[in-house]
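Visitor: whatever this is, show me its structure:
(chains A, B, C and D)
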Number of protein chains: 2
Amino acid sequence: MANLKIPRVIKMPIEVQATDALRDAIVSGSIAAGERVTEIQISQQMNLSRATVRTALHQLAKEGLLTLVPYTGWTVISLSAHDVWELYTLRSAVERLAGRLVASTITPAKIERLDGAMDRLVRECERGDVDRIAEADFGLHHTIIKLADHGRLAAQYALIEQQVRMLIRSSDAFDPEAQILKLDQHRPIVDAIRAGDVELAGQLSEQHNLVEGEKLSARLKALQEQALLEEPTATLRPARKRAALG
Amino acid sequence: MANLKIPRVIKMPIEVQATDALRDAIVSGSIAAGERVTEIQISQQMNLSRATVRTALHQLAKEGLLTLVPYTGWTVISLSAHDVWELYTLRSAVERLAGRLVASTITPAKIERLDGAMDRLVRECERGDVDRIAEADFGLHHTIIKLADHGRLAAQYALIEQQVRMLIRSSDAFDPEAQILKLDQHRPIVDAIRAGDVELAGQLSEQHNLVEGEKLSARLKALQEQALLEEPTATLRPARKRAALG
DNA sequence: AAAAGGGCGATTGTCGACAATCGCCTTTCT
DNA sequence: AGAAAGGCGATTGTCGACAATCGCCCTTTT
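Guide: Numbers count the residues shown, from 1 in each chain, chains lettered A, B, ... in the order given. Coordinates of the predicted model:
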């Protein structure tokens, strides 16, 4: 008999569903960056207990999507220029390691999966839809990470990817000219990994991220300058109810 | 008047105290690796509510120190050979980036802090106490990480360090011979950073960790072989109360 | 004797209520 | 009018109780 992998069905607690829903809301921008959220507000919207929502919020805080000021409130992160620098330097280190690991353990099966992700990127680039191109781009990077067979690396990459998604959303769309170069940037990386060239795969992966970080940083800097004058002062607590007039 | 940094005293919720205490118990080995823990047991020992303890457990699970099986129980991680590989490959990537960053932004002030950490390691090596040498070792690495001025990098390194501490504890003591070589291993890294040699600082940091990982992996493999026969089967739930005899 | 099925207790999951804390707003004083 | 001090409401922090779920153990069956 085949040694079937029994999926081991476990009932997912509502906690994780709430966490996933909230994470998606933040990453997708349904809840804006810098916005304040309260436990009661969310628990009412989701029809859940405050304790359950609170657990979800704590999880997302650990993922770096929220900050909590004790006895005061939760706030969605808003990424600064320094955050962009942190994200892309860290991502370059993570992807460099992933590229090296996959290249050093390359197999026909891995090449097949790699080609599948690369082919999808090629097709989407020909199609021209920027959102689908972006997804295929993430998909290729994600494939390389998975092939590294490194749980902690994958977990760390997931956190980075979430915040990068918030970034590229706030820059609204990609630079149209950059779309054309996308294939030229990724093909060498895939080729180096396929060839088992550890050093080259690592170096190209690292360099690719540093370049992307620079481009995104420049674009965001321009966007933020014009938005600097909006809402200069933010209150930490909400406005209080006015006293009743006589 | 001097622009004094007001520490902004905020009352720390008991949650974080409980989290810190539990984390310390796990990392220090007071709660053994692989051990099952229950919310009630801990809440009674700490004289706290289950909800508070539960929050702390969730935090530590996010840090990778605990695993939670829904409706079943919490278990302290026990690190396998693959985990050792993950930890040291990831640590090498993180420290490589840190080394590069510090080297590329080196200043007299940073050199001073670097020298302070290195001097401490030198003194402790002359003293000969393995525990204090280990702490000075961690201290030097920690100093480099802090000098990188990279929040996410520091956070990731903290998680890795915790698990590495669990590892070296289970290998009981360091290899006495390795203590002598410790200075020879760290001095070149510090020198490269001081000289602002980005490439060399990164390469030496990376290599140092990979070597350390190999050594620890070999030592643990020997230890685990003799411990393989102990407790071959572990129950997921505790023993149930026996039915009363007539 | 070996295998299949259900009972049952141990543990986590969820909820609502109350307490602690913070900071905005009003008031008071100068 | 400006500055300082206190009230007060909004929000998080903590707690205990009840519900949901899982898996060990015993029973039953073959």
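
Visitor: from here on, just use CA atoms for contacts and neighbour counts.
Guide: OK.

Visitor: who are the packing partners of the longest helix anywhere in chain A?
Guide: As assigned by DSSP state H, the longest helix anywhere in chain A is helix A:198-227. Judged by 3 or more Cα pairs under 8 Å, 6 or more residues apart in numbering or on different chains; DSSP states H and E, helix A:198-227 is in contact with helix A:81-104, helix A:176-194.

Visitor: pull out the buried positions in the shortest one.
Guide: This means helix A:176-194. Under the neighbour-count criterion of 16 or more other Cα atoms under 10 Å in any protein chain shown, helix A:176-194 has A:179, A:182, A:186, A:189-194 buried.

Visitor: show residues contacting that helix.
Guide: A:99-100, A:102-104, A:106, A:111, A:114, A:118, A:121-122, A:125, A:130, A:198, A:200-201, A:204-205, A:208 (Cα atoms under 8 Å, 6 or more residues apart in numbering or on different chains).

Visitor: kindly check the end-to-end length of stretch A:187-200 for me.
Guide: 13 Å (Cα to Cα, to the nearest Å).

Visitor: and it, how far out from the chain middle?
Guide: Relative to its parent chain, stretch A:187-200 has a centroid offset of 24 Å by Cα atoms, centre = their mean, to the nearest Å.

Visitor: try stretch A:67-85
Guide: 16 Å.

Visitor: ditto for stretch A:92-108
Guide: 20 Å.

Visitor: contact partners for the residue lying closest to A:E199 once chain neighbours are set aside?
Guide: Once flanking residues are discounted, A:E199 sits nearest to A:R100: 6.7 Å by Cα to Cα, 6 or more residues apart in numbering or on different chains. Counting by Cα under 8 Å, 6+ apart, A:R100 touches A:193, A:197-199, A:201-202.

Visitor: and what of A:A93?
Guide: So A:A93 contacts A:206, B:93-94, B:97 (Cα under 8 Å, 6+ apart).

Visitor: now, the most widely separated pair of those residues?
Guide: A:E206 and B:V94 (12.9 Å; Cα to Cα).

Visitor: coming back round to it: okay, the buried residues of helix A:176-194 in CSV with pLDDT and distance to DNA strand D next?
Guide: What follows is those, written out as CSV (pLDDT from 0 to 100; distance: Cα to the nearest atom of the strand, whole Å):
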residue, pLDDT, distance to DNA strand D
A:Q179, 72, 41
A:K182, 87, 42
A:H186, 96, 43
A:I189, 98, 42
A:V190, 98, 41
A:D191, 97, 44
A:A192, 98, 43
A:I193, 98, 40
A:R194, 97, 40
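
Visitor: let me know the closest of those to A:G34.
Guide: Looking across the buried residues of helix A:176-194 and measuring by Cα to Cα, the closest to A:G34 is A:Q179, at 29.6 Å.

Visitor: picking that back up, in CSV: the contacts of A:A93, plus pLDDT and distance to DNA strand D.
Guide: Output for those, formatted as CSV (pLDDT from 0 to 100; distance: Cα to the nearest atom of the strand, whole Å):
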residue, pLDDT, distance to DNA strand D
A:E206, 98, 39
B:A93, 98, 34
B:V94, 98, 31
B:L97, 98, 34
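
Visitor: select only the buried ones of those in ChimeraX?
Guide: The buried residues among those can be selected in ChimeraX (16+ other Cα under 10 Å) with this line:
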select /A:206 /B:93,94,97
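
Visitor: restrict the contacts of A:A93 to contacts with DNA strand C.
Guide: With the criterion set as Cα under 7 Å from any atom of the strand, no member of the contacts of A:A93 is near DNA strand C.

Visitor: can you list the domains in chain A?
Guide: Domains of chain A are assigned by automatic domain parsing as A:14-76, A:81-227.

Visitor: please state the offset of stretch A:140-157 from the chain centre?
Guide: For stretch A:140-157 - counting by Cα atoms, centre = their mean - the centre lies 13 Å from the chain centre.

Visitor: what about it, start to end distance?
Guide: End-to-end span of stretch A:140-157 (Cα to Cα): 13 Å.

Visitor: let me know the average pLDDT across that stretch.
Guide: Across stretch A:140-157, the average pLDDT comes to 98.

Visitor: in chain A, which residue sits nearest DNA strand C?
Guide: A:I14 (3.1 Å; Cα to the nearest atom of the strand).

Visitor: roughly how far apart are that residue and chain B?
Guide: 11 Å (Cα to the nearest Cα, to the nearest Å).

Visitor: neighbours of that residue, how many?
Guide: Counted with other Cα atoms under 10 Å in any protein chain shown, residues neighbouring A:I14 total 13.

Visitor: which residues touch stretch A:145-156?
Guide: Applying Cα under 8 Å, 6+ apart, the external contacts of stretch A:145-156 come out as A:94-95, A:98-99, A:101-102, A:110, A:157, B:86-87, B:90, B:156.

Visitor: tell me how many other residues crowd A:M118.
Guide: Using other Cα under 10 Å, the number of residues around A:M118 comes to 22.

Visitor: which residue sits closest to it, ignoring its sequence neighbours?
Guide: With sequence-adjacent residues excluded and distances taken as Cα to Cα, 6+ apart, A:M118 is closest to A:L140, at 6.3 Å.

Visitor: can you tell me the SS state at A:L68?
Guide: Put simply, A:L68 is strand when judged by DSSP: H, G, I helix; E, B strand; the rest coil.

Visitor: touching, it and A:W74? I think so.
Guide: Yes - contact criterion Cα atoms under 8 Å: A:L68 and A:W74 qualify, at 4.6 Å.

Visitor: neighbour count winner among these two?
Guide: A:W74 (21 against 13).

Visitor: so what secondary structure elements neighbour the helix or strand hosting the more buried one?
Guide: According to DSSP states H and E, A:W74 maps onto strand A:73-76. The contact analysis (3+ Cα pairs under 8 Å, 6+ apart) places strand A:73-76 against strand A:36-37, strand A:66-69.

Visitor: thanks again, I'm all set now.
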